[in-house]
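structure for this input, please:
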Amino acid sequence: MSSKSAAVNALTFSRVPLILAWLAFAVAFEFHRSLPLLVAACAMMFLSGITDLFDGILARRWNVVTSLGKMADPLMDKVFYVVVFPSLVWLIMHQGGGNFHSLLMLSFTILYILRDLWVTFLRSVGSAFGADVAAMWLGKVRTALSFPAAGWVYAYLSLRGYLPDSASDADRYWLWSCYVVEFAMIALNIYSGYSYTLSYLPYLRRALEKK
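Numbers count the residues shown, from 1 in each chain. Next comes the predicted model:
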């Protein structure tokens, strides 16, 4: 393995320790609100999201796209979803954010995980019949937007306590922007799953007909 390929793979796999570090700092910040913990948590989430952008860019620029990288990158994305989204649900509830927001984020989380499981199943069926199982452009868009969406919601949850009482309107508008982001991502998630289903429907039919 070349040094460039090793560097790209290291960048991809670094997403896991980075997002686990975010979780540790974010939970610690909930119980001990200090600026260093907040900065550390935000930095870990930002760096985790950046790895998803730059590992692909570097792999293509250095011409070191590998089968391992193609399999590892979506797996690291799933680790991000499984760690971050349930944690955001907990943060909302821990802060007394209300039933509506916690249920909306819970729906967001469940639909994300179910969509990924369903798409993994579809790809498995498709690969059995020689299908091209590369990620669709809509799936790439969904993945790319997941990181800033999660970051936006976390920024609201972590910074709302620092807003002065006079900024109650700003807090309300920021909360509503979180609702918009979450609803938009839910819609994109459902549409992405629908698009994958349509694309793999012929292979599903062949699998059902096969004896």
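
now for the helix or strand that contains Gly56, which elements pack on it?
Using DSSP states H and E, Gly56 sits within helix 35-61. If you count contacts as 3 or more Cβ pairs under 8 Å, 6 or more residues apart in numbering; DSSP states H and E, helix 35-61 packs onto helix 3-13, helix 15-31, helix 67-94, helix 137-159. To be clear about C-beta, it is placed using only N, CA and C from the backbone, and glycine gets the same treatment.

can you do 6 Å?
Other helices and strands packing on helix 35-61, by 3 or more Cβ pairs under 6 Å, 6 or more residues apart in numbering; DSSP states H and E, are helix 3-13, helix 15-31, helix 137-159.

closest to Thr197 out of those helices?
helix 137-159 (11.9 Å; Cβ to Cβ).

residues of stretch 29-36 that come out buried?
29-30 (16 or more other Cβ atoms under 10 Å).

for that stretch, what is the average pLDDT?
Average pLDDT, stretch 29-36: 90.

what's the angle between the lengthiest helix in the chain and helix 137-159?
Criterion DSSP state H: the longest helix present in the chain is helix 168-209. With axes from the mean of the first three to the mean of the last three Cα atoms, to 10 degrees applied, the angle from helix 168-209 to helix 137-159 works out at 150 degrees.

so can I have a markdown table of the helices and strands packed on helix 35-61 showing distance to Leu103?
Formatted as a markdown table, these follow (distance: least, Cβ to Cβ, whole Å):
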| stretch | distance to Leu103 |
| --- | --- |
| helix 3-13 | 33 |
| helix 15-31 | 20 |
| helix 137-159 | 14 |
